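S.K.: With the sequence up front, the predicted model follows.
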Amino acid sequence: MRAQEAPLRLVSSPRRGYFWSVSRSQCHVLLVCAASPVLIAAEPLVEGRRRVWSQVERSPLASDVTTTSLTGRLFYEDHRQLGRHTTRRDPDGKPGRRPKQRTQRHQRYLAAHLMTVEMYEVDDARGRGCVPLAWVGTAAVGPDGTFSAEVPANDSCAAESESEPRYVLAAHTSHCEGDLCFYVGRRVEDAYTLWFGVGSPFAGPTMPDLVFLPARGPRLSVEAQAANHHASLVDVVVAFHVEADIPFRREEFGAVTVRYPSPYSDGRATRADLIDANNQGWPKGGLILHEYGHIVHRRAWGGDYAGYPTPIQRWNGKSHSREVPFIALKEGWANFTAAYVTGRCFRSGYDTANTLVSLQREVNGIHFPQNHHRALCDWVDRQPDQRPGTARGDTMTTDLYTLWQTLDTTDELWADRGHTPGLNMCDLAATYVVSGSVDGRWARFDAVAGVLETNDIACPGLRMLPITQVAVDHRLSR
Ligand SMILES: [Ca+2]
Ligand SMILES: [Ca+2]
Ligand SMILES: [Ca+2]
Ligand SMILES: [Zn+2]
């Protein structure tokens with residue numbers, strides 16, 4: 001990249017770390033100029049290009065080639081208020097910070113964890129073995145921003161065999177490996193791509209640091225925003241499928257796509273494989289976490305919420321509207337997903353803050369998502385709590401996998417109730433009580449009844465469950 005291409009460049013110096021370098025002509029618009037000397041850029045974060053016109057060849061590599069490892073780092077510009085910022089590293093290698101906690105400009109760059117980087121070797125010459133861009137390797141970006149792949153050590157282009165190979169990279173807002181496969185793109189199973197090194201290819205083995213921003217694009221470019229949606233998607237995917245080991249179910253339901261920008265004005269997940277996302281300005285981060293909760297729920301209940309008729313009732317979270325119990329569970333689960341991923345469920349003081357159960361004690365919370373959201377947090381948190389006037393309180397400490405497994409079993413167990421009015425929290429609680437050992441039934445009943453009572457959700461039939469198990473056992477064993 002030529003120095004005059006980038007108005008702002010991140011540079012590093014051994015003593016001062018990273019800071020911004022600008023040319024003198026730009027100083028009239030930048031307050032930092034008075035304090036910062038103008039320096040020669042050493043290692044800028046290299047921005048990408050939107051399109052590559054050159055021909056790209058993707059043939060498999062010969063098995064007998066000598067390889068060498070090619071490494072680099074990829075970041076994105078983070079603007080999210082909500083997310084797992086500390087699980088990603090910034091360019092200094094320090095844990096990421098949320099926007100309000102940043103003290104330096106470059107801390108806005110965080111590792112582009114689980115973006116995919118493809119590596120291409122460049123040939124300018126023609127003739128035997130020469131292709132303008134030949135694919136040589138693919139790598140997933142780690143939580144510290146690094147990526148690495150084994151690539152052929154020698155140039156296959158006969159006319160360039162004496163010189164060192166040179167590389168161009170393509171980064172994608174997608175990741176597909178094993179059971180996991182997800183995209184952020186304009187269309188289903190399509191990703192945003194930026195190219196790096198086009199026109200001035202990189203030498204190996206270490207690439208310069210890259211940032212998923214289009215060079216000369218507007219600051220609020222669609223790619224930069226998509227990278228923030230991708231980061232949210234990775235946060236929830238890692239929390240649910242990697243850490244908690246919940247199956248993604250790629251074989252059954254395919255990849256998940258975040259379609260951005262979507263033709264719709266807000267977020268929705270009306271299929272088991274598609275999230276529509278739109279926003280004004282930078283993504284705040286909560287939308288994708290919430291919508292992905294719907295994806296996990298759909299995939300647990302056969303893809304269509306166990307046959308609940310569509311179109312699904314709209315829900316306005318801000319007005320705390322009264323809903324049918326199925327919608328209250330569905331939206332409560334989605335809000336819980338976001339709270340689980342960001343750690344809000346586990347914050348000290350969460351249990352005693354009375355913001356989520358906003359109703360009077362006498363009103364049955366079975367109709368209200370916020371009661372469900374909070375009950376599901378109690379289901380998995382390890383902080384016992386008891387609201388005044390309740391008999392039991394929360395003593396439940398089930399992990400996320402067990403909670404999901406209960407959700408996953410609910411539609412099989414109560415299949416006859418799946419259609420209107422839909423399965424609800426009482427069905428989920430009942431599934432928990434009857435799943436597992438017979439001896440443990442009363443203990444499970446006590447625990448889940450405590451969570452429900454603490455959150456004002458009334459399930460009148462639940463008390464009879466440990467006693468009237470014969471019929472259910474029969475169904476389970478079929
Ligand atoms: Ca608990
Ligand atoms: Ca609790
Ligand atoms: Ca299921
Ligand atoms: Zn929702």
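M.R.: Perfect, I can see it now. Numbering: from 1, shown residues only. Ligands and ions are numbered 1, 2, ... in the order given.

S.K.: what's across from residue 133 in the sheet?
M.R.: As for beta bridges, residue 133 partners with residue 56, residue 122 under DSSP bridges.

S.K.: isn't it right up against residue 118?
M.R.: No. Checked against Cβ atoms under 8 Å, the pair residue 133 and residue 118 is beyond contact range at 9.9 Å. Backbone N, C-alpha and C define where each C-beta goes, glycine included.

S.K.: Whether the longest helix along the chain contacts ligand 2 - can you check?
M.R.: Among the elements of the chain assigned as helix by DSSP state H, the one spanning the most residues is helix 325-342. No. Counting by Cβ under 5 Å from the ion, ligand 2 has no neighbours in helix 325-342; the shortest distance is 12.1 Å.

S.K.: Please see if that helix touches ligand 4.
M.R.: Yes. With Cβ under 5 Å from the ion as the criterion, ligand 4 is reached by helix 325-342 at 331, 334.

S.K.: Quick check: which helices or strands does the helix or strand just after that helix pack against?
M.R.: For helix 325-342, the following helix or strand on the C-terminal side (DSSP states H and E) is helix 369-380. Using 3 or more Cβ pairs under 8 Å, 6 or more residues apart in numbering; DSSP states H and E, the elements in contact with helix 369-380 are helix 325-342, helix 400-413, helix 441-454.

S.K.: Distance check, the nearest residue to residue 109 once chain neighbours are set aside against residue 120.
M.R.: Distance criterion Cβ to Cβ, 6 or more residues apart in numbering; nearest residue to residue 109, sequence neighbours excluded, is residue 75 at 4.1 Å. Look at residue 75 and residue 120: by Cβ to Cβ, to the nearest Å, they are 21 Å apart.

S.K.: Return the nearest residue of the stretch 1-150 of the chain with respect to ligand 4.
M.R.: Closest contact between the stretch 1-150 of the chain and ligand 4, by Cβ to the ion, is at residue 82 (15.2 Å).

S.K.: Contacts only, for residue 452.
M.R.: Counting by Cβ atoms under 8 Å, 6 or more residues apart in numbering, residue 452 touches 375, 425, 429, 458-459, 462.

S.K.: Residue 156: neighbour count?
M.R.: Residue 156 has 19 neighbouring residues, counting by other Cβ atoms under 10 Å.

S.K.: what helix or strand is it on?
M.R.: Residue 156 belongs to no helix or strand, assigned by DSSP H and E.

S.K.: Check residue 199 too.
M.R.: Going by DSSP H and E, residue 199 is not part of any helix or strand.

S.K.: can you tell me how far it sits from residue 128?
M.R.: 25 Å.

S.K.: which other helices and strands contact the longest helix of the chain?
M.R.: Applying 3+ Cβ pairs under 8 Å, 6+ apart, one finds that helix 325-342 contacts helix 222-237, helix 286-300, helix 369-380, helix 425-434.

S.K.: what's the angle from the last one to helix 441-454?
M.R.: When you say that, I think you mean helix 425-434. 150 degrees (axes from the mean of the first three to the mean of the last three Cα atoms, to 10 degrees).

S.K.: Same question for the first one.
M.R.: Interaxial angle of helix 222-237 relative to helix 441-454 (the same axes, to 10 degrees): 140 degrees.

S.K.: what does the chain have sitting close to ligand 4?
M.R.: So far as Cβ under 5 Å from the ion goes, the chain lies against ligand 4 at 331, 334.

S.K.: try 8 Å this time
M.R.: Residues of the chain lying near ligand 4 by Cβ under 8 Å from the ion: 267-269, 290-291, 293-294, 315, 317, 330-331, 334-335.

S.K.: longest strand in the chain, by residue count?
M.R.: Determined from DSSP state E, the single longest strand within the chain is strand 67-77.

S.K.: helices or strands next to the helix or strand just after that strand in the packing?
M.R.: Using DSSP H and E, the helix or strand that follows strand 67-77 in sequence is strand 109-111. Judged by 3+ Cβ pairs under 8 Å, 6+ apart, strand 109-111 is in contact with strand 67-77.

S.K.: Flag every buried residue along the strand it packs on.
M.R.: 70, 72-77 (16 or more other Cβ atoms under 10 Å).

S.K.: Export only the CA atoms of it, formatted as PDB.
M.R.: Only the C-alpha atoms of strand 67-77 are listed here, as PDB (Å, rounded to 0.1, in the frame of the first residue of the first chain):
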ATOM      1  CA  THR A  67       5.300 -26.500   2.200                       C
ATOM      2  CA  THR A  68       6.100 -23.500   4.400                       C
ATOM      3  CA  SER A  69       3.700 -21.700   6.800                       C
ATOM      4  CA  LEU A  70       2.200 -18.400   5.900                       C
ATOM      5  CA  THR A  71       0.900 -16.300   8.900                       C
ATOM      6  CA  GLY A  72      -0.700 -13.000   9.500                       C
ATOM      7  CA  ARG A  73      -3.200 -11.200  11.700                       C
ATOM      8  CA  LEU A  74      -6.700  -9.900  10.800                       C
ATOM      9  CA  PHE A  75      -8.700  -7.300  12.800                       C
ATOM     10  CA  TYR A  76     -12.000  -5.500  12.400                       C
ATOM     11  CA  GLU A  77     -13.200  -2.200  13.700                       C
END
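
S.K.: For residue 426, list the residues it contacts.
M.R.: 325, 366, 457, 459, 461-462.

S.K.: Make JSON lines from those residues and add neighbour count and distance to residue 175 to it.
M.R.: Converted to JSON lines, the contacts of residue 426 look like this (neighbours: other Cβ atoms under 10 Å; distance: Cβ to Cβ, whole Å):
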{"residue": "325", "neighbour count": "22", "distance to residue 175": "36"}
{"residue": "366", "neighbour count": "21", "distance to residue 175": "38"}
{"residue": "457", "neighbour count": "28", "distance to residue 175": "37"}
{"residue": "459", "neighbour count": "22", "distance to residue 175": "40"}
{"residue": "461", "neighbour count": "11", "distance to residue 175": "43"}
{"residue": "462", "neighbour count": "18", "distance to residue 175": "41"}
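
S.K.: that older thread, check the contacts of residue 452 and tell me the two furthest apart.
M.R.: Within those, 375 and 462 form the most distant pair, 13.0 Å apart (Cβ to Cβ).

S.K.: quick one: the helices in the stretch 101-250 of the chain?
M.R.: 222-237, 250-253 (DSSP state H, counting those that start in this stretch).

S.K.: name the helices or strands packed onto the shortest one?
M.R.: I take that to be helix 250-253. Secondary-structure packing of helix 250-253 (3+ Cβ pairs under 8 Å, 6+ apart): helix 286-300.

S.K.: Just the mean pLDDT for the helix it packs on, thanks.
M.R.: Averaging pLDDT along helix 286-300 yields 97.

S.K.: CA-only coordinates of it in PDB, if you can.
M.R.: Taking Å, rounded to 0.1, in the frame of the first residue of the first chain, the C-alpha atoms of helix 286-300 are listed here in PDB:
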ATOM      1  CA  GLY A 286     -27.600  -7.400  20.900                       C
ATOM      2  CA  LEU A 287     -29.700  -8.000  17.800                       C
ATOM      3  CA  ILE A 288     -27.800 -11.000  16.400                       C
ATOM      4  CA  LEU A 289     -27.400 -12.600  19.800                       C
ATOM      5  CA  HIS A 290     -31.200 -12.400  20.300                       C
ATOM      6  CA  GLU A 291     -32.000 -13.600  16.800                       C
ATOM      7  CA  TYR A 292     -29.600 -16.500  17.000                       C
ATOM      8  CA  GLY A 293     -31.500 -17.600  20.100                       C
ATOM      9  CA  HIS A 294     -34.500 -18.100  17.800                       C
ATOM     10  CA  ILE A 295     -32.300 -20.100  15.400                       C
ATOM     11  CA  VAL A 296     -31.200 -22.500  18.200                       C
ATOM     12  CA  HIS A 297     -34.800 -22.800  19.400                       C
ATOM     13  CA  ARG A 298     -36.100 -23.600  16.000                       C
ATOM     14  CA  ARG A 299     -33.400 -26.200  15.400                       C
ATOM     15  CA  ALA A 300     -34.300 -27.800  18.700                       C
END
